[in-house]
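Chemist: got a predicted structure plus its sequence, pasted below:
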Amino acid sequence: MEQFLPWASGLLVASFALAIAYFVLLAYGNSLLLKEERNHFRNSFPYEFYKDLPLSYRLLLYGVLALDILSLALGMAFFFLYLDSTYALAILFFLVVSAFAMLISNILPLSHYKGHIIAALCGFAFFSLGSILFAFITLIPGGLILQSHMSVPIVVLVGVLGFLSFFALFNPKLKNWARLDRTEENGATYYVKPKVNFLSLYEWIYLALLNLTGFLLFLDIIVTQGVTYTL
């Protein structure tokens, strides 16, 4: 199992780097649009950022994000397989499903709104559940076979993210994702995006939290093993 750590370390740090590249490329592509056409993370869904970009640029963003999610899922797989417990595999299942669900919701437009909503909510819920389970990995009997391989501060931090993300799901404004704000101009009535759309905002936040969790697992390898593993 020791041979899993170099792969976990390399893939998790690669995933984090790809996530940063994705957000930088996304922000840059958005900045090229006219000011009135630009989107905002607080009220725009991922597909809205893509729709006005050239096809080649969209494909680049899709590719970077897909590589990010794949690296993250594989890195987590090697990490939790190294821990060698059924409890760790349950955490792995929830986090990996969350990662791929967030990928689907990111790419799927709201013209397929049922699939989009189901994927997004699965991503939110499974991330929260996996992170909360991770918070108890050192406490559950048999949860952690290798007691020396776990940094308690990192376990606590991931657990805090999990609980915060879980309670955030009870935000009553989350169900109003389809509601538009009414405004009037020169006697005419218009309906515009709200300043904050919590569903779209959550999709960005949970995607970022997934990658942050992967990076924390990478830090756990370094802290507990005392060395930096490379491929």
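Modeler: Nice, thanks for sending it over.

Chemist: next, the spatially most central residue of the chain: secondary structure please.
Modeler: The chain has residue 207 as the residue nearest its centroid, 2.1 Å off, counting by C-alpha atoms, centre = their mean. Under DSSP: H, G, I helix; E, B strand; the rest coil, the three-state class of residue 207 is helix.

Chemist: next one: residue 40
Modeler: coil.

Chemist: what's it sitting at in phi/psi?
Modeler: phi -130, psi 140 (degrees, to the nearest 10).

Chemist: what is the neighbour count of residue 11?
Modeler: Residue 11 has 23 neighbours, counted by other C-beta atoms under 10 Å. Quick note: C-beta positions are derived from backbone N, CA and C, even for glycine.

Chemist: before we move on, what about residue 28?
Modeler: Other residues near residue 28 come to 10 when the count uses other C-beta under 10 Å.

Chemist: name the SS class of it, please.
Modeler: What three-state DSSP gives for residue 28 is helix.

Chemist: can you give me the strands in the chain?
Modeler: Under the criterion DSSP state E, the chain contains strands at 181-185, 188-192.

Chemist: name the spans of the chain whose pLDDT lies under the cut-off.
Modeler: Along the chain, segments meeting pLDDT under 70 span 1-2, 145-149, 184-191, 226-231.

Chemist: spit out the contact partners of the residue nearest to the centre of the chain.
Modeler: Residues near residue 207 by C-beta atoms under 8 Å, 6 or more residues apart in numbering: 19, 102, 106, 123.

Chemist: gap between the closest residue to the third one other than its chain neighbours and residue 4?
Modeler: Okay, so that is residue 106. Distances taken as C-beta to C-beta, 6 or more residues apart in numbering put residue 46 closest to residue 106, at 4.3 Å, once the chain neighbours are dropped. Distance from residue 46 to residue 4, counting by C-beta to C-beta, to the nearest Å: 32 Å.

Chemist: ok, now residue 60?
Modeler: 31 Å.

Chemist: residue 177 too?
Modeler: The separation that residue 177 has from residue 4, given C-beta to C-beta, amounts to 40 Å.

Chemist: more neighbours, residue 46 and residue 4?
Modeler: The neighbour count for residue 46 versus residue 4, taken as other C-beta under 10 Å, is higher for residue 46 (24 against 18).

Chemist: so the residue nearest to residue 106 sits against residue 104, correct?
Modeler: No: contact criterion C-beta atoms under 8 Å: residue 46 and residue 104 do not qualify, at 10.7 Å.

Chemist: tell me which stretches of the protein form helices.
Modeler: Using DSSP state H, the helices found in the chain span residues 4-31, 46-50, 55-83, 86-107, 113-135, 152-168, 198-225.

Chemist: quick one: buried residues of the third one?
Modeler: The reference is to helix 55-83. Neighbour-count burial for helix 55-83, counted by 16 or more other C-beta atoms under 10 Å, picks out 57-58, 60-61, 64-83.

Chemist: now the second one
Modeler: Across helix 46-50, burial judged by 16+ other C-beta under 10 Å covers 46-50.

Chemist: for that helix, give me every contacting residue.
Modeler: So helix 46-50 is in contact with 26, 29-30, 39, 58, 61, 105-110, 200, 203-204, going by C-beta under 8 Å, 6+ apart.

Chemist: if we go to 10 Å?
Modeler: Residues from elsewhere that reach helix 46-50, judged by C-beta atoms under 10 Å, 6 or more residues apart in numbering: 26-27, 29-30, 33, 38-41, 57-59, 61-62, 65, 102-103, 105-112, 116, 193, 200, 203-204, 207.
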